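Chemist: structure for this input, please:
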Amino acid sequence: MRQATSTNAELLALSGPRNPYPGKLGVIEEGALADILLINGDPLADISILTKPEENLALIMKDGKIYKNALGGSMEPGGK
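Modeler: The predicted structure follows:
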């Protein structure tokens, strides 16, 4: 499954110098600009799961900084 933003990232890249995001987009890898929500469930099948973020958002990352990690374990590269 592709990340939801990968197609939008490809379109932004086509805008050349007008692209407002001068980094890697649409991928989850070191050095990429990333905001990530890891959701317990399928919001396309049941959008109401997002009404209970405490229960259903397992990981929240914005600008590469982790704000919530309910996965248990390190999210640092190499498991540090």
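
Chemist: what does the helix-or-strand element of the chain with minimal mean pLDDT contact?
Modeler: Counting by mean pLDDT, DSSP states H and E, the chain has its least confident helix or strand at helix 6-14, which shows a mean of 75. Outside of helix 6-14, the residues within contact range by C-beta atoms under 8 Å, 6 or more residues apart in numbering are 19-21, 25-27. All C-beta atoms are positioned from the backbone trio N, CA, C, and that covers glycine.

Chemist: mind putting those residues in TSV, secondary structure and distance to residue 66 included?
Modeler: Below are these laid out as TSV (DSSP: H, G, I helix; E, B strand; the rest coil; distance: C-beta to C-beta, whole Å):
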residue	secondary structure	distance to residue 66
19	coil	26
20	coil	24
21	coil	20
25	coil	19
26	coil	20
27	coil	18
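
Chemist: circling back: buried ones in the least confident helix or strand of the chain, by neighbour count?
Modeler: Within helix 6-14, the residues scored as buried using 16 or more other C-beta atoms under 10 Å are 9, 12.

Chemist: after it, next one along is what?
Modeler: strand 36-39 (DSSP states H and E).

Chemist: name the residue closest to the centre of this structure, please.
Modeler: residue 36 (1.9 Å; C-alpha atoms, centre = their mean).

Chemist: give me the phi and psi for the closest residue to that residue other than its chain neighbours.
Modeler: Nearest non-adjacent residue to residue 36, counting by C-beta to C-beta, 6 or more residues apart in numbering: residue 61, 4.2 Å away. In this entry, residue 61 is assigned phi and psi values of phi -130, psi 130 (degrees, to the nearest 10).
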